[in-house]
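after the sequence you'll find the predicted model.
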Amino acid sequence: MKEDLSLTTERIDDFVVLLAIMQQMDLPAILDRHLPRHWLQQGLSWGWTATIWLAHIVSQGDHRKLTVRDWVRQAHSTLQQVTGLDIRETDFTDDRLTIVLRHLSDTTRWQAIEQELGEHVIRVYDLEEQPIRVDATTVSGYRNGGEDSLWQFGHSKDDPTLRQIKAMMATLDPLGLPMALEVVSGEHADDPLYVPIIDRVLACLGRQGLLFVGDCKMSALATRAHLEAQQQYYLTPLALVGETAELLPAWIEAGVKQGDGLTSVLDEDGERVLAQGYELSRTCVSGELSWQERVLVVRSPAYADTHRRHLEERLAKAQETLLSLTPPVGRGKRQITEEAALVSAAEAVLTKHRVQGLLTYTFARESDQVVKWVGRVRGGANRQQQVSERVRYQITAVERHEEAIAQCVCTLGWRAYATNAPPKRLSLEQAVREYRHEYHIERGFGRLKGAPLSLAPMFVKREDQVVGLTHLLSLALRVLTLMEFVVRRSLKQQGATLVGLHKENPRKASATPTAERLLQAFVPITLTQVQLPAQVIRHVTPLTALQQQILALLGLPPALYASLAREIPQTAFPLRE
């Protein structure tokens, strides 16, 4: 008699690794401790629902709710074995995922989750005391907004014509691990957002003497005073406003006079000069608090070259625009007939391109006489004539003041940084290098807004869902950064590299692989299940040497995938509707 059998195949790829890492982070349990569960609720807890959803988001690069249910259906058997839970397809309906986002949007619950997760991750992964970077980004969208809406117009580098929300984030170096995230409406200025996010980081880390690094918007006196009062250190470029704008020219002049006496900052190879500078000390006062602050006046050759190119571009554009103010006489060529109008237009051009004193122009008054017959009758010997003067002003030349331009170039590339850290804690050379690592947090923003998390565009409408989804994706960002950090640290300790991550160059070796390439190395892996009347037989695609090496670097068991085939239940687990 021919036996009945059924054959099913599941693409398991990288989500098995992702779930194992999130279990190492204790993420499901931490979420369950803070997300309320109704006493009549059936099915998965909110912690496990969010964790499996996160695995789907990172693995598939899709945060839409409507795709999760189908994905769970095709990976059902594997998900049950990895989690040890009875998973229903209805655990991942749109309504249940909406409830997860609503819970994550609650500010009190979210801050408690971040604090416990941060403390656990730092302890388990033995993270060293490193600088904390704080910065903000915006996410734009085609939204209606409203008076009390999160979606508002504000300063944006993405698209100023669209409404936006703003996310302020603090990350831990060197991995760029998010420690705190705050979502606010898009019209908020960055300055008042620093102190609350700093306090949340301090509540998690609970120690003094940390170094906080931020851009010039963190240089507000109130923010620096708050860090000083908390006995923490800061490093930030001073914004070119107020007192700093008045003092900087004198600081630059003093630096130019020092010449070779400036302290040089070399690259890691000791061959190229990254920056040169000097420092001075001053007393800062905020209310009843006063402290000593070091001002580091630094010139970067690369920064100076960039500004020099921009200056040349502005000079060329201003010269072209000045000459175009007075075109040759011709049809459709409007002429300037008053000297005051020409001077006003020319000065506006110099001001717009910021080249006052660097360019000069000369102009000439041109006139000719036009004879016209008076009246409508045909001209004749006795016809009266009228003579009028037609005047136009012509810019004859635009000259560069090379000496003034050379002096201006000498002042380019300078920037003033402020810090309250003593020289033993943060020398001038260390300060320059620390600030040059600002890309760590920018890379996190890039991951959050781009692939694979793809916060923009955002496929939710309600504002509590917007906040909840941003918080959820920041958890995914933590998973990616931790995975990348652990592998890189293990490779460094072993003095090893990974070969085979780059399909375009299979022999290329890397000691600093990205999390995205590490996960891509697990594609494709398939679990095949043959269901017989008396037993279920499973087979998992054998792992390659590269995949086994990655598991070892992550500290995961080598049989992580093979165990899915060995555990053979006596009966199948059909999905319950």
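Done, it's in.

tell me which helix or strand comes right after the host helix or strand of Ala346.
Per DSSP states H and E: Ala346 is located in helix 339-352. Per DSSP H and E, the first helix or strand lying C-terminal to helix 339-352 is strand 359-373.

just the buried residues of that next one, please?
For strand 359-373, burial by neighbour count (16 or more other CB atoms under 10 Å) applies to Leu359, Tyr361, Phe363. In this view, the C-beta of every residue, glycine as well, is placed from N, C-alpha and C.

contacts for that strand next, please.
315, 318-319, 322, 326, 339, 342, 346, 350, 379, 383-401 (CB atoms under 8 Å, 6 or more residues apart in numbering).

which ones among those residues map onto strands?
Within those, residues falling in strands by DSSP state E are 385-400.

show me which of those residues are buried.
Buried subset of the ones in strands among the contacts of strand 359-373 (neighbour count, 16+ other CB under 10 Å): Arg392, Tyr393, Gln394, Ile395, Val398.

so, low pLDDT: which residues of the stretch 451-577 of the chain?
For the stretch 451-577 of the chain, residues meeting the criterion pLDDT under 70 lie at 566-577.

try 90 this time
Applying pLDDT under 90 to the stretch 451-577 of the chain picks out residues 451-452, 454, 456-459, 503-504, 506, 529-539, 562-577.

need the strands for it, in chain order.
With DSSP state E, counting those that start in this stretch as the criterion, the stretch 451-577 of the chain has strands at 498-499, 509-510, 526-531, 536-540.

any idea of the mean pLDDT for stretch 394-412?
The average of the pLDDT scores along stretch 394-412 is 92.

so what touches it?
249, 252-253, 256, 303-304, 307-308, 311, 315, 319, 322-323, 325-326, 342, 346, 357-364, 366.

let me know the closest of the buried residues of strand 359-373 to Glu182.
Leu359 (46.3 Å; CB to CB).

look up the residues forming beta bridges with the closest one.
Counting by DSSP bridges, Leu359 is bridged to Arg400.

distance check, it against His401.
Distance of Leu359 to His401, computed by CB to CB, to the nearest Å: 7 Å.

excluding chain neighbours, what is closest to Asp4?
Pro533 (6.5 Å; CB to CB, 6 or more residues apart in numbering).

the one you found reaches Ser6, doesn't it?
No - between Pro533 and Ser6 there is no contact under CB atoms under 8 Å: 10.4 Å.

higher neighbour count, these two?
Set Pro533 next to Ser6 and count neighbours by other CB atoms under 10 Å: Ser6 wins out with 10 against 7.

so who does that one touch?
Taking CB under 8 Å, 6+ apart, one finds Val530, Gln531 in contact with Ser6.

tell me the bridge partners for it.
Beta-bridge partners, per DSSP bridges, of Ser6: Gln531.

and the residue nearest to Leu117 when sequence neighbours are not counted, how many neighbours?
Spatial nearest neighbour of Leu117, excluding adjacent residues (CB to CB, 6+ apart): Ile30 at 5.3 Å. The tally of other residues near Ile30 (other CB under 10 Å) stands at 22.

ok, now Ala254?
When neighbours are counted by other CB under 10 Å, Ala254 comes out with 12.

please apply the same query to the one 4 residues further on.
The burial count assigned to Gln258 is 13, neighbours taken as other CB under 10 Å.

what about it, which SS state?
Assigned with DSSP: H, G, I helix; E, B strand; the rest coil, Gln258 falls in the helix class.

in space, what's closest to it - neighbours in sequence excluded?
Spatially, and ignoring its direct neighbours in sequence, Gln258 is nearest to Tyr278 (6.1 Å; CB to CB, 6+ apart).

which strand or helix spans the one you found?
Secondary structure from DSSP H and E places Tyr278 in strand 273-286.

show residues contacting that strand.
So strand 273-286 is in contact with 221-222, 224-225, 228, 251, 254-255, 258, 261-267, 290-302, 428, 432-433, 436, going by CB under 8 Å, 6+ apart.

what do you get if the cut-off is 6 Å, keeping everything else the same?
When contacts are defined by CB atoms under 6 Å, 6 or more residues apart in numbering, strand 273-286 is touched by residues 221, 225, 262-265, 267, 290-300, 428, 432.

same question, stretch 212-226
131-134, 190-191, 194-195, 234-239, 286, 289, 434.

among those, name the buried ones.
131-134, 190, 194-195, 234-239, 434.

coming back round to it: a markdown table please, covering the strands of the stretch 451-577 of the chain and showing mean neighbour count and distance to Leu518.
Formatted as a markdown table, the strands of the stretch 451-577 of the chain follow (neighbours: other CB atoms under 10 Å; distance: least, CB to CB, whole Å):
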| stretch | mean neighbour count | distance to Leu518 |
| --- | --- | --- |
| strand 498-499 | 18 | 8 |
| strand 509-510 | 14 | 10 |
| strand 526-531 | 16 | 19 |
| strand 536-540 | 17 | 19 |
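
how about TSV for these, with distance to Val460 added?
Output for the strands of the stretch 451-577 of the chain, formatted as TSV (distance: least, CB to CB, whole Å):
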stretch	distance to Val460
strand 498-499	37
strand 509-510	36
strand 526-531	32
strand 536-540	35
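
is it true that Tyr417 touches Val295?
No - between Tyr417 and Val295 there is no contact, the gap being 7.2 Å when judged by CB atoms under 6 Å.

of those two, which one has the most company?
Applying other CB under 10 Å to Tyr417 and Val295 shows that Tyr417 carries more neighbours, namely 24 against 19.

beta partners of that one?
Applying DSSP bridges to Tyr417 gives these bridge partners: Pro237, Leu296.

tell me the contacts of Val540?
So Val540 contacts Leu527, Tyr561, Leu564, Ala565 (CB under 6 Å, 6+ apart).

show me the shaky parts of the stretch 51-200 of the chain.
Those would be 77, 88-90, 123-130, 144-148, 155-160, 173-175, if you go by pLDDT under 90 across the stretch 51-200 of the chain.

where along it do the helices fall?
Applying DSSP state H, counting those that start in this stretch to the stretch 51-200 of the chain gives helices spanning 68-74, 76-83, 94-104, 107-124, 194-205.

other SSEs contacting the last one?
Right, helix 194-205. helix 107-124, strand 132-141, strand 163-172, strand 177-185 (3 or more CB pairs under 6 Å, 6 or more residues apart in numbering; DSSP states H and E).

please redo it, this time with the cut-off set to 7 Å
Judged by 3 or more CB pairs under 7 Å, 6 or more residues apart in numbering; DSSP states H and E, helix 194-205 is in contact with helix 107-124, strand 132-141, strand 163-172, strand 177-185, helix 221-229.

CA atoms only for that helix - export them in PDB, please.
Below are the C-alpha coordinates for helix 194-205, written out as PDB (Å, rounded to 0.1, in the frame of the first residue of the first chain):
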ATOM      1  CA  TYR A 194      20.000  67.300  25.100                       C
ATOM      2  CA  VAL A 195      19.500  67.500  28.900                       C
ATOM      3  CA  PRO A 196      16.600  65.000  29.100                       C
ATOM      4  CA  ILE A 197      18.300  62.400  26.900                       C
ATOM      5  CA  ILE A 198      21.600  62.800  28.900                       C
ATOM      6  CA  ASP A 199      19.700  62.300  32.200                       C
ATOM      7  CA  ARG A 200      18.200  59.000  30.800                       C
ATOM      8  CA  VAL A 201      21.700  57.700  29.900                       C
ATOM      9  CA  LEU A 202      23.000  58.600  33.300                       C
ATOM     10  CA  ALA A 203      20.100  56.800  34.900                       C
ATOM     11  CA  CYS A 204      21.100  53.700  33.000                       C
ATOM     12  CA  LEU A 205      24.900  53.900  33.400                       C
END
